[in-house]
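[1] how would this look folded up:
(2 chains)
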Protein chains: 2
Amino acid sequence: MRVVIPFAPRDPKTRLSEILNVEERHSFAEVMLEDVAVAVEMAGGIPEILSTDRIESRWKVIVDDRPLSVAVNGVLENSKMPIAIVMSDLAIATADSIRRLLESEGEISIVPGNLGGTNAFVTRREDFRVDYHGTSYLDHVKIAEEIGSNVTKVDSFRLATDIDVKEDLIEILIHGEGKSRDWLIERGFHLEVKGQNRVGVYRSEMR
Amino acid sequence: MRVVIPFAPRDPKTRLSEILNVEERHSFAEVMLEDVAVAVEMAGGIPEILSTDRIESRWKVIVDDRPLSVAVNGVLENSKMPIAIVMSDLAIATADSIRRLLESEGEISIVPGNLGGTNAFVTRREDFRVDYHGTSYLDHVKIAEEIGSNVTKVDSFRLATDIDVKEDLIEILIHGEGKSRDWLIERGFHLEVKGQNRVGVYRSEMR
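    The predicted structure is shown next:
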């Protein structure tokens, strides 16, 4: 199955600015993208990057600088079905979790993300369209209903976890099985349990 | 299968104090407990509440006022196997997600929670013990290895989501299928998408 991974290389992951400088954010976003694409490949999917800019990649790259929803809908309009769309920052995705998505039955399968996002989906309906604004998960369920389709919900913590803020790095350090985890560890990131029995992520001075 | 749900009715869910008063926190903790126990029952498990105080319940209640890990280990020491331990604040747990845990194979199956917690597990090994301090998920994987057992990881967003802070209520409003969601809605809680395209939870004045 064709699995399209949207990617925006310009100033990525701005909410990680407090702990990563701009070069690091670029590098980290690319490493996460690679982890996702490798997991897709190991799950039997064919990854393609839908990028807002030209990038070097060992996978096919489609360049489209329009906003996310418009670009994804452009792909959906012109693709054979089924097709999957998977976000590029699902850094703890594994082949197993992606496989559960790709093998799920039903016309439209959605993986809800934290806080109402839509982290991944598969559609066999060529008239399904996306709108990533706001609580997109609820909107996508509604859009599916409007075209007379039922949504299969794929319940995965690994795919529900997208990486936006510092605390999300905790999940990579605990559950990551790819390069994103190594990348963080090489740069001094580690877990510590401090007051209130809560785990936090900290960065050691490397020099 | 016996499914024990630890519950601490004294001053519960303190991190929700900014939006719920003490009576509301008690009531909400009980409603979440009920949702979990009902999901367990619908999944074919037999719920028992392991409570730090005497409480009224339609399910069997074991009273043990010792700290969480000590009380749970007391249960594990004296139980027939298999047995499951499921946290009481998994308010978006469903019968399907609990069933995936109860039917998972292997000697010890663990559902990791957000931020390194252990939200639920099943053990068929009578020598498995818990330690809920810190990143308990990693500790439990280690404890399992030390007794020569392998951990099966159950990948569920619904079971990974425990309810501790205000933002967690967003997940209940989006995904809840039980009484916890109704409870929040009756008290004026609702979702709004504000600046930065991020969803938040807000409470309307009811009178």
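[2] Within its local environment, how many residues does residue A:99 see?
    Using other CB atoms under 10 Å in any protein chain shown, residue A:99 is surrounded by 16 other residues. For every residue, glycine as well, the C-beta is placed using N, CA and C.
[3] What strand or helix carries it?
    Assigning secondary structure by DSSP states H and E places residue A:99 in helix A:95-102.
[4] Determine the next helix or strand in the C-terminal direction from that helix.
    strand A:108-112.
[5] What angle do helix A:95-102 and that following strand make with each other?
    Put simply, strand A:108-112 runs at 140 degrees to helix A:95-102, going by axes from the mean of the first three to the mean of the last three CA atoms, to 10 degrees.
[6] which residues sit against strand A:108-112?
    With CB atoms under 8 Å, 6 or more residues apart in numbering or on different chains as the test, strand A:108-112 has contacts from A:101, A:118-125, A:128, A:137, A:140-141, A:144, A:149-154, A:156, A:159-160, B:157, B:174-175.
[7] from those, which ones fall inside strands?
    Mapping the contacts of strand A:108-112 onto strands (DSSP state E) picks out A:118-123, A:151-153.
[8] any idea of the pLDDT on the residue positioned nearest the centre of chain A?
    Centroid-nearest residue in chain A, with CA atoms, centre = their mean: residue A:87, separated by 2.6 Å. Note on residue A:87: pLDDT of 98.
[9] Equivalent analysis for the one 4 residues further on, please.
    Looking at residue A:91, its pLDDT is 98.
[10] And for residue A:207?
    Per the predicted model, pLDDT is 54 at residue A:207.
[11] Repeat that for residue A:55.
    Listed pLDDT for residue A:55 reads 97.
[12] Are any of the ones in strands among the contacts of strand A:108-112 buried, and if so which?
    A:118-123, A:151-153 (16 or more other CB atoms under 10 Å in any protein chain shown).
[13] ok, the ones in strands among the contacts of strand A:108-112 vs chain B, which is closest?
    Among these, residue A:153 lies closest to chain B (CB to the nearest CB), at 8.6 Å.
[14] now the buried ones among the ones in strands among the contacts of strand A:108-112 as a markdown table including distance to residue A:194 and pLDDT?
    Formatted as a markdown table, these follow (distance: CB to CB, whole Å; pLDDT from 0 to 100):
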| residue | distance to residue A:194 | pLDDT |
| --- | --- | --- |
| A:118 | 34 | 97 |
| A:119 | 30 | 98 |
| A:120 | 34 | 98 |
| A:121 | 38 | 98 |
| A:122 | 41 | 98 |
| A:123 | 44 | 98 |
| A:151 | 41 | 95 |
| A:152 | 41 | 97 |
| A:153 | 36 | 97 |
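[15] what does the lengthiest helix in chain A rub up against?
    As assigned by DSSP state H, the longest helix anywhere in chain A is helix A:22-42. Helix A:22-42 is contacted from outside by A:3, A:5, A:7, A:9, A:11-14, A:16-17, A:20, A:46-47, A:49, A:59, A:86-91, A:93-95, A:97-98, A:163, A:176, A:178-180, A:183-184, A:187, using CB under 8 Å, 6+ apart.
[16] So which of those residues are in strands?
    Under the assignment DSSP E, the contacts of helix A:22-42 contribute A:3, A:5, A:7, A:46-47, A:49, A:86 to strands.
[17] Any residues of chain A in contact with chain B? List them.
    Residues of chain A lying close to chain B (CB under 8 Å from any CB of the partner chain) are A:96-97, A:100, A:112, A:114-116, A:133-135, A:137-138, A:155-160, A:167, A:170-171, A:174-175, A:191, A:193, A:197-199.
[18] Could you turn the buried ones of those into a PyMOL selection?
    Per 16+ other CB under 10 Å, the buried members of these correspond to this PyMOL selection:
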select buried, chain A and resi 97+100+112+114+115+116+134+135+137+138+155+156+157+158+159+160+170+171+174+175+191+199
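[19] and residue A:66, how many neighbours?
    Around residue A:66 there are 11 residues (other CB under 10 Å).
[20] Which phi and psi values does it adopt?
    phi -80, psi 170 (degrees, to the nearest 10).
[21] wait, it sits on residue A:74?
    Yes. The pair residue A:66 and residue A:74 qualifies as a contact (CB atoms under 8 Å) at a distance of 7.1 Å.
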